[in-house]
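S.K.: Got a predicted model here, sequence first, then my questions.
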2 protein chains.
Amino acid sequence: MRRFAADRARRAVAASLRGAASSRSAAASPLAPAPCHPAPPVGAAAMAAALARTMSTAAAGTPPVSLNTINPKVLKCEYAVRGEIVTHAQNLQQELQKNPDSLPFDEVCIWMVSTTTSLLLLLSMINGLSYIYLFQWQILYCNIGNPQSLGQQPVTYFREVLSLCDHPALLDKSETHALYSSDAIERAWQILDKIPGRATGAYSHSQGIKGLRDEIAAGIAARDGFHASGDNIFLTDGASPAVHMMMQLLIGSEKDGILCPIPQYPLYSASIALHGGSLVPYFLDEETGWGLEVDELKKQLEEARSKGITVRALVAINPGNPTGQVLAEENQKKIVEFCKNEGLVLLADEVYQENIYVEDKQFHSFKKIARSLGYTDDDLPLVSFQSVSKGYYGECGKRGGYMEITGFSPEVREQIYKLASVNLCSNVSGQILASLVMNPPKAGDESFESFMVERDGILSSLARRAKALEEAFNSLEGITCNKAEGAMYLFPRLHLPQKAIGVAQAAGTAPDAYYAKRLLEATGIVIVPGSGFGQVPGTWHFRCTILPQEDKMPAIISRFKEFHEKFMDEFRD
Amino acid sequence: MRRFAADRARRAVAASLRGAASSRSAAASPLAPAPCHPAPPVGAAAMAAALARTMSTAAAGTPPVSLNTINPKVLKCEYAVRGEIVTHAQNLQQELQKNPDSLPFDEVCIWMVSTTTSLLLLLSMINGLSYIYLFQWQILYCNIGNPQSLGQQPVTYFREVLSLCDHPALLDKSETHALYSSDAIERAWQILDKIPGRATGAYSHSQGIKGLRDEIAAGIAARDGFHASGDNIFLTDGASPAVHMMMQLLIGSEKDGILCPIPQYPLYSASIALHGGSLVPYFLDEETGWGLEVDELKKQLEEARSKGITVRALVAINPGNPTGQVLAEENQKKIVEFCKNEGLVLLADEVYQENIYVEDKQFHSFKKIARSLGYTDDDLPLVSFQSVSKGYYGECGKRGGYMEITGFSPEVREQIYKLASVNLCSNVSGQILASLVMNPPKAGDESFESFMVERDGILSSLARRAKALEEAFNSLEGITCNKAEGAMYLFPRLHLPQKAIGVAQAAGTAPDAYYAKRLLEATGIVIVPGSGFGQVPGTWHFRCTILPQEDKMPAIISRFKEFHEKFMDEFRD
């Protein structure tokens, strides 16, 4: 009897699960479990299509999952920095491990050796032992901003603190002082005191540990000279999940558009594609050093609107990726005004805020610009993305980052919080590291001097590497390259011979992708073709990081030049 | 002249960015940047709507982002384990910090103190210093499987290895041996040797570090007695992102359905809602200890199909969450057969594989079951989710986990890889920890004995706590509770007086949510109402973790009983 009633009731809940209009509050609808998507209106056509699909699924030999049945948005998404060229590089690397003689660059990549001294290098060259040192350096990944994969060392103080927080039992032992600096020990205590129960192994608040968010907010306030609140910080596993979260929030259908720079970091195009929105491109002007002109923004916005697209947000990447430009303060002001006037969310990708290599530019956060114009929370929704993967720290593997959100109503913030809570929280080590990079050692701390030596060493070396590469590219026939004012990349333009373009197109390949593939196969150097970032049609570019270690740079440059000259000779019109 | 040409070209690329049918290969379409979503067909009505929206956006005073403009799927998504009750608890906690006398339980929560001795406790009670020890224990979060937040200590060996990998410079120092066990030092070396360049701060392969994946695969093979490959492992920041990735892959529209248990872990309903699919519920039978019957699966599948829904996958949670049941081997076989016959992907949530508390049940992975039936990769697509957050380790804050995927075609795997690569990689500490839990210390290792003491101590205590709570619940009027065979939860049924139901409904609240709110306000204990997981209509439940430390359990139980009896007295029909 009870079973029968339950059975009847089940049908009711099944209907409510699929069909009921779901309310925002589960409590308001006592019979419904967590609301889910309502069923589609089912017409005869839909039914027939579904039946056909059902039959084909059940048919023997048809796989349950195929490219025809998966989410078409996934198919549409592309992510060039880890795309075809990188996969090709990984395959080549495996091939080299099996058969070191299989490719032309196995013996000439000695300049990629990371830790051997000149003497060892010389010895190894003489007695043919070079493979011992070469093994893992045969492919040089310049495709992605991944400093430590190319030999950059982590900042000691940060790692000391992380190591202690990972094993807090060390803090009670006197021997610990022989291995860790005293301010790192003190900092670890301070951090643990901010974590409820000192439990670094517990899920945190979905926005991240409150005390760490407050520390980050204090760092932002010190940087900008304007108030910041820990309540506005969402700690995330690197900046990428934060970007996805905002796209998920803002995009409901293909009628929702996001203004993105072209060239852009493909995370944006990938995320917009995955969430089913429309990328509304605005073009950076290569001739003025990748300038961002508000007239261009207006034009593209109007064009999108005339096509029925509601533009929800503008993405600005500063310093630029892949372009390396640093926006001028006046320019940023105009962008803020534009977003305010047009009712757009300003999504500010500011992950390279510490990577600036020219004297005449400095980083200003968009929030600082907005506040300096007198705009408050009421005027403009603004999101700033930051990451521990970039800067001088380059801690990509730690997956730490945050977004600071201002100018959203409490109801919308609640929705953002919900999105954060669906993944519970970001990793606590990444959270700790994010608080460290926003509040590094200060003058007077035991580690301060050694910290500054490490920090300035990395940043000044990056500046020299950027300049060396830029000059090298500009010295070559058929390449022009803007200055890298910031970030970790150069985005040189390839003026390819018509013959090369023809060969590439005949092979069904974009000419810059063809060039990148040839470069990889000849030298082991991995770059990303410009077509992965977007570019003015008929122009060709590539993105190359400035991250190979400085002592390897001359050899890399000469190897690159050698390839390029041969390539140009081969295809000269 | 050049500017003019570029300008014309820009229009071309803008069109191609928005309108062109995007090909899967950027290389095949040399003019297009990373393909993105095509523009919608724009009719007059759409245009008018867009214009209206544009005008309203530009209108003064209208916020650019509101609940009316954001993605409706986000609004629909609910995530009860971090939902209203938890937010309410957080607010109460803040209130208590400001004004400790504001709530009835501030003085009686002494049993929640984590580290004080009885003497200190006594002293503090005598001289009124109790708040010093109580501060962070006034709210008891039993809403979520977060062991370390309730005082569970991390496993020493795992933390030693993580600490060393975070600061590899320690490995070269002799003093390190005074602080770390020798096998942890050796393991850290082995792990670093698996990481290219020993760079724990570099982005890894998007599936995770190959050597660690191989180690995990070896652990799976040892567990199951069947082959496993590191190529099939995707390391993720906990299991949640892996679940989202699969939902994103499988769901293209509301016509794509996913069979989920009811009650279910709300990650599934939340993820399905976010990706716009249809949750197809199947009911676990409370009377047979939350049994999973294949007849019920068939019935629900057919019902969904008759409504035009193509069911893509079946979610099975074993051991069960929130129900704590462990599936019998025979039952699992039938589920595998069902998925094979119906062409469904089997999504196996196996994150509680080490949490089994009864003698007569043991964990069998669904892959082991499928292979023991003779099914290969060709027969059945299968995904197994695992996490470092559960088991005896309970390392929720580390956000480590993986999914093992088998039975997908190379083309579909490529799409899964692309989804992984859009977030670059999971955090490396979490990756390392995932490899450690799948390959813990072995007999003969220096740490083995102490490791086993910690491991067995935690697991046997969890078993005792599960039993104590279950017996306590069953001893109360109006509560019946199935045995917790595994996982970290009990899901007792509340047989509430009609008067209580009436009061709750009059307040627009589900009766179990009302009960949970009253419990929280009276005792500081946070549970999750059954309505967040789904339940047979007209029945009421709650989920409560078994995680409070054992010495606190008697006081918690007596506090709970006291509340419950008063509640029943208040509302007795």
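M.R.: Thanks, I have the structure now.
S.K.: quick one, phi psi at residue A:311?
M.R.: The main-chain torsion angles of residue A:311 are listed as degrees, to the nearest 10 and equal phi -80, psi 120.
S.K.: now residue A:310
M.R.: phi -90, psi 110.
S.K.: hey, what's it bridged with?
M.R.: residue A:256 (DSSP bridges).
S.K.: Report the central residue of chain A.
M.R.: Among the residues of chain A, the one closest to the centroid is residue A:240, at 5.2 Å (CA atoms, centre = their mean).
S.K.: which SS class is it?
M.R.: Per DSSP: H, G, I helix; E, B strand; the rest coil, the local secondary structure of residue A:240 is helix.
S.K.: Let's see the pLDDT reported for it.
M.R.: pLDDT for residue A:240: 96.
S.K.: So it versus chain B, what's the distance?
M.R.: Plainly put, residue A:240 is 5 Å away from chain B if you go by CB to the nearest CB, to the nearest Å. In short, each C-beta sits where N, CA and C put it, glycine included.
S.K.: who touches that residue in this structure?
M.R.: With contact set as CB atoms under 8 Å, 6 or more residues apart in numbering or on different chains, residue A:240 has these partners: A:267, A:401, B:422, B:423, B:424.
S.K.: residue ranges with poor pLDDT in the stretch 401-550 of chain A?
M.R.: For the stretch 401-550 of chain A, no stretch has pLDDT under 70.
S.K.: now the helices for it?
M.R.: The residue ranges that make up the helices of the stretch 401-550 of chain A, judged by DSSP state H, counting those that start in this stretch, are A:410-422, A:428-437, A:448-474, A:498-506, A:511-523.
S.K.: Highest mean neighbour count out of these?
M.R.: For these, the largest average neighbour count (mean count of other CB atoms under 10 Å in any protein chain shown) is found in helix A:428-437, namely a mean of 28.
S.K.: Can you spell out which helices and strands pack onto that helix?
M.R.: Packing contacts for helix A:428-437, counted by 3 or more CB pairs under 8 Å, 6 or more residues apart in numbering or on different chains; DSSP states H and E, involve helix A:156-166, helix A:182-194, helix A:210-224, strand A:233-236, strand A:401-406.
S.K.: re earlier: relative to residue B:84, which of the contacts of residue A:240 is nearest.
M.R.: Comparing the contacts of residue A:240 against residue B:84 with CB to CB places residue A:401 closest, at 28.2 Å.
S.K.: who touches the residue lying closest to that closest one once chain neighbours are set aside in this structure?
M.R.: In space, residue A:401 comes closest to residue A:387 once its chain neighbours are excluded; the distance is 3.9 Å by CB to CB, 6 or more residues apart in numbering or on different chains. Residues in contact with residue A:387, defined by CB under 8 Å, 6+ apart, are A:238, A:239, A:351, A:400, A:401.
S.K.: Residue A:239 too?
M.R.: By CB under 8 Å, 6+ apart, the residues touching residue A:239 are A:349, A:351, A:385, A:386, A:387, A:389, A:401, A:403.
S.K.: Over to residue A:225?
M.R.: Residue A:225 makes contact with residue A:368, according to CB under 8 Å, 6+ apart.
S.K.: Show me which positions of stretch A:328-347 end up buried.
M.R.: Of all the residues in stretch A:328-347, those buried under the rule 16 or more other CB atoms under 10 Å in any protein chain shown are A:331-340, A:342-347.
S.K.: ok so, going back, looking at the contacts of residue A:387, point me to the pair that's furthest apart.
M.R.: Farthest-apart pair in those is A:351 and A:400; separation 11.3 Å (CB to CB).
S.K.: Now list whatever residues contact both of these two.
M.R.: Overlap between the neighbourhoods of residue A:351 and residue A:400 consists of A:387, A:389, taking contacts as CB under 8 Å, 6+ apart.
S.K.: The two: who's more crowded?
M.R.: When neighbours are counted by other CB atoms under 10 Å in any protein chain shown, residue A:400 comes out ahead of the other of residue A:351 and residue A:400, with 31 against 27.
S.K.: Correct me if wrong: that one contacts residue A:394.
M.R.: No. Taking contacts as CB atoms under 8 Å, residue A:400 lies outside contact range of residue A:394: 11.7 Å.
S.K.: quick one: is stretch A:323-334 near chain B?
M.R.: No. Judged by CB under 8 Å from any CB of the partner chain, stretch A:323-334 stays clear of chain B, getting no closer than 13.8 Å.
S.K.: Return the distance of that stretch from the chain's centre.
M.R.: Stretch A:323-334 has its C-alpha centroid displaced from the chain centroid by 20 Å (CA atoms, centre = their mean, to the nearest Å).
S.K.: Give me the mean pLDDT for that stretch.
M.R.: For stretch A:323-334, the mean pLDDT works out to 94.
S.K.: end to end, how far does stretch A:188-208 reach?
M.R.: Between the opening and closing residues of stretch A:188-208 lies a distance of 17 Å (CA to CA, to the nearest Å).
S.K.: and it with chain B, contact?
M.R.: Yes. Contact of stretch A:188-208 with chain B is found when judged by CB under 8 Å from any CB, involving A:196, A:197, A:199, A:200, A:201, A:202, A:203, A:204, A:205, A:206.
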